[in-house]
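Enquirer: I need the structure of the sequence given here:
(chains A and B)
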Amino acid sequence: MIFLKRQLPLAITFVMGVGFILQYYIPHPVSEDAITTVSKWMQIISGFALFLGLASLFHVHAVKIKRQVPGWGYSLALYVGMVGTMVAGFWNHGETMADGGQTAFGWLYDYTMVPLQGTMFSILAFFIASAAYRAFRARSREASVLLVSAVVVMMGRVPLGQFLVPWTWDVTQWLLNVLNSAVRRAILIGVSMGAVALSLKIILGIERSYLGGGKDQ
Amino acid sequence: MKAFARRMVGIDRRVIFLLIAAAILLPMLKPFGLPIKVSPEVKAVYDYIEALPERSVFLLSFDFDPSSKPELEPQAVALLRHAFRKNLRVIGMTHWLTGTGLADGVFSQVAAETGRERGKDYVFLGWSPGGSALIISMGQDLYQAFPSDYTKTPTRGMPVLEGVRNLRDVNYMVSLAAGGAGIEMWYVFGKDKYRFEMAGGSTGVIAPGLYPFLRSGQINGLIGGLQGAAEYETLIKRKGTATAGMDAQSAAHFVIIVLVILCNVFYFILRGEKGSPR
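Expert: Numbering: from 1, shown residues only, chains lettered A, B, ... in the order given. I've put the predicted structure just below:
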C-alpha cells in the first residue's frame, strides 16, 4: 500500500519531470508525439478539476443550508442560480442562440452573469476612491514618493491630465518603462527562481506535501 | 480650522461615492472629447498588424470575463476592426469559460459590421480546459486541441484555417488578459516554444506588471486598460466606447487626486494633535 501511496507517485513525478525537461530540448518526432499526447492528458485532467470544484462548492453550501448558519440565504441563492443555469444549459444543449433567437441559457448569461460581474467590478472604483482618501497619506519619505508618483501617473494616463499638465505624459512613460519595469523584473526573477527551485524539489522527491498525509508519511 | 479638518477626515464615505458617481456620469452625459495621445507600446501593436500581408493568420485570445468587459471589450472590438479591415484571417478563442459568450458576441458583432464570414474569414474556437496544457496542445496540433469550433463545426477543412497546422503557423497573436491565465502564460508556453510574434492587451490594473515583458521584447506591444483601447481606436480612426469612456475616467482620476491632496492637507493640519489620524 505504501508503494502505491508514496513510491509510485514519486517515481512517476521523477520520470515525467525529468522526461519533459529533456523533451523541451529534443525536437525528435517521438519526443513531439509524447508532448502532444501528454498535453491532451493534462487537458482532460483539468476538465475533471472543474467537476471537483463544482462538487466541492455544492457540498460546502449544502452544509450551510442544512445547518442554517448565518447567511445561509446566500447559499440558497447560489444553489438556485447554479442549478437554474445548469438546467437551462442542458435544456439548450449549451447553445446561447438557436433558430436566430436567444435561448434561455443565452439570456441568463447576457442578463444576469454579465451585469452582475460588471457591477461587482465597478463597485471597486468607489471603494478605491474611499480607501485612497483615508489611507494615501504622506506619512514618511517613502510614502511621499509613492504618493507623488501615483498622482503623476493618474494624471499622465488620462487625456485631461495630459491636457492640463503635458509633462505628466512623459514622466508617466518613464516611470512605467524604467522604474516600474526594474522593480517588477526583480520580483519576477525572484518568483521564477523560487518556482524553479520548488519544481526541482518536487521532481527530486524532496518536497512531498502534494502527496498529502503529513510530513513523515 | 482644526475642527473643520477633523470633520473632513472623518467624512462619510457615501459623500465620496456620490462624488465619484457624479464624476463618471456627468462626462458621459456631456463629453468634453479631449484628444487621445498614442503611446509607443500601443502603436507597436498597430504597426505590426498594419504590416502583415493580407490573409495572414491573427490569433486573438479573449482571456477575460464580463467583469473586465468595460476595459477589454473595446480593445477586442478595435483589434478585430483593424484585422478585418486588413483582410487577415482571425482565429479567436478564450481561456476563461465565463468569457465564452462575451467573446462570441464580439466576433459576431464586428464580423457583421465588416461583412466577414464565419469559417471563411474568422473562426471562434471557444473554450477548452487546460490553460497552459491547451496552449501546448495547440502548438502541437490545433485540430487535436479544437476538433470543432464554438458552433460545433469541424475545424479541419475550414477555409479560414487553410495551411494552419499549429501555433507555428500563426503570424501574430494578442492575448487580452484580465489576470493569471493570459499574457505571461501565452509567452511561456506558446511564443517561447512555437516562435510566433505576440502582444498583450490588459486591464489597467495589471498593465504595469507587464512592462518587463515589453522592455525585454517578449511581447512586442501592450494595450493597457481603457486608455490603451482609446489609443487603438484613435489609430484605426474609429471612435468607440473606450474614447467615450476616457472623459469619465479623466474626471474620476481628478476627483481621486483632489481627494488625496485634500486628505493630506487635513492630515498636516492635524499633525501632532493627540488622537490625530496616523
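Enquirer: By residue count, tell me the biggest helix in chain B.
Expert: Longest helix in chain B, counting residues (DSSP state H): helix B:241-270.
Enquirer: Show me what that one is packed up against.
Expert: In terms of contacts (3 or more Cβ pairs under 8 Å, 6 or more residues apart in numbering or on different chains; DSSP states H and E), helix B:241-270 is packed against helix A:114-135, helix A:141-156, helix A:159-164, helix B:2-9, helix B:13-29, helix B:69-85, helix B:225-235. The C-beta positions use only the backbone N, C-alpha and C, and glycine is treated the same way.
Enquirer: Can you give the distance of the last one from its chain's centre?
Expert: Mean-position distance between helix B:225-235 and its chain equals 10 Å (Cα atoms, centre = their mean, to the nearest Å).
Enquirer: for that helix, packing partners?
Expert: By 3+ Cβ pairs under 8 Å, 6+ apart, helix B:225-235 packs against helix B:40-51, helix B:69-85, strand B:197-202, strand B:222-224, helix B:241-270.
Enquirer: how about the strands in chain A?
Expert: A:97-98, A:101-102 (DSSP state E).
Enquirer: Revised request: answer the last question for the stretch 51-200 of chain B.
Expert: In the stretch 51-200 of chain B, the strands defined using DSSP state E, counting those that start in this stretch lie at B:57-63, B:89-94, B:122-127, B:172-177, B:197-202.
Enquirer: For residue A:27, find the nearest of those strands.
Expert: With Cβ to Cβ as the criterion, residue A:27 lies closest to strand B:197-202 of the strands of the stretch 51-200 of chain B, at 20.5 Å.
Enquirer: Quickly run through the sheet partners of that closest one, with directions.
Expert: As defined by DSSP bridges, the strand partners of strand B:197-202 come to strand B:172-177 (parallel), strand B:222-224 (parallel).
Enquirer: List the contacts of that strand.
Expert: B:44-45, B:48, B:72, B:75-76, B:79, B:171-178, B:182-183, B:186-187, B:190-191, B:210, B:213-214, B:219-225, B:228-229 (Cβ atoms under 8 Å, 6 or more residues apart in numbering or on different chains).
Enquirer: Share the number of residues neighbouring residue B:103, please.
Expert: 28 (other Cβ atoms under 10 Å in any protein chain shown).
Enquirer: Can you name the residues that contact it?
Expert: By Cβ under 8 Å, 6+ apart, the neighbours of residue B:103 are B:62, B:76, B:92-94, B:124.
Enquirer: Which of those sits closest to residue A:85?
Expert: So of the contacts of residue B:103, ranked by how close each gets to residue A:85 (Cβ to Cβ), first place is residue B:94, at 18.0 Å.
Enquirer: For that closest one, name its beta-bridge partners.
Expert: Going by DSSP bridges, residue B:94 forms beta bridges with residue B:127.
Enquirer: you'd agree it is up against residue B:100?
Expert: Yes. Contact between residue B:94 and residue B:100 holds when scored by Cβ atoms under 8 Å: they sit 5.6 Å apart.
Enquirer: which neighbours do those two share?
Expert: B:126-127.
Enquirer: which residues touch residue B:117?
Expert: With Cβ under 8 Å, 6+ apart, residue B:117 has these contacts: residue B:111.
Enquirer: Ranking the strands of chain A by mean neighbour count, which comes first?
Expert: For these, the largest average neighbour count (mean count of other Cβ atoms under 10 Å in any protein chain shown) is found in strand A:97-98, namely a mean of 14.
Enquirer: Scan the helices and strands of chain B for the one with the lowest mean pLDDT.
Expert: helix B:2-9 (a mean of 84; mean pLDDT, DSSP states H and E).
Enquirer: That one vs helix B:241-270, what angle?
Expert: Computed by axes from the mean of the first three to the mean of the last three Cα atoms, to 10 degrees, the angle separating helix B:2-9 from helix B:241-270 equals 150 degrees.
Enquirer: other SSEs contacting the longest helix seen in chain A?
Expert: Across chain A, the longest stretch assigned as helix under DSSP H is helix A:29-67. Applying 3+ Cβ pairs under 8 Å, 6+ apart, one finds that helix A:29-67 makes contact with helix A:8-25, helix A:72-91, helix B:132-140, helix B:142-145.
Enquirer: mind putting those helices in CSV, mean pLDDT and distance to residue A:105 included?
Expert: Supplementary listing: these in CSV, determined by pLDDT from 0 to 100; distance: least, Cβ to Cβ, whole Å:
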stretch, mean pLDDT, distance to residue A:105
helix A:8-25, 92, 39
helix A:72-91, 93, 4
helix B:132-140, 93, 23
helix B:142-145, 94, 25
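Enquirer: Alongside chain A, which residues does the stretch 101-250 of chain B contribute?
Expert: Residues of the stretch 101-250 of chain B lying close to chain A (Cβ under 8 Å from any Cβ of the partner chain) are B:101-102, B:104-105, B:128-131, B:133-134, B:136-137, B:140-141, B:144-145, B:193, B:204, B:208-209, B:211-212, B:214-215, B:225, B:227, B:246-247, B:249-250.
Enquirer: how about 6 Å then?
Expert: B:101, B:129-130, B:133-134, B:136-137, B:140-141, B:208-209, B:211-212, B:215, B:227, B:246, B:249-250 (Cβ under 6 Å from any Cβ of the partner chain).
Enquirer: are any of those buried, and which?
Expert: Using 16 or more other Cβ atoms under 10 Å in any protein chain shown as the burial test, these include B:101, B:129-130, B:133-134, B:136-137, B:140-141, B:208-209, B:211-212, B:215, B:227, B:246, B:249-250 as buried.
Enquirer: wait, what's in contact with the residue nearest to the spatial centre of chain B?
Expert: With distances taken as Cα atoms, centre = their mean, the residue of chain B nearest its centroid is residue B:72 (3.4 Å). Residues near residue B:72 by Cβ atoms under 6 Å, 6 or more residues apart in numbering or on different chains: B:64, B:176.
Enquirer: Kindly recompute the last result at 7 Å.
Expert: B:64, B:176, B:178, B:201, B:203 (Cβ atoms under 7 Å, 6 or more residues apart in numbering or on different chains).
Enquirer: Likewise for residue A:75?
Expert: A:61, A:64-65.
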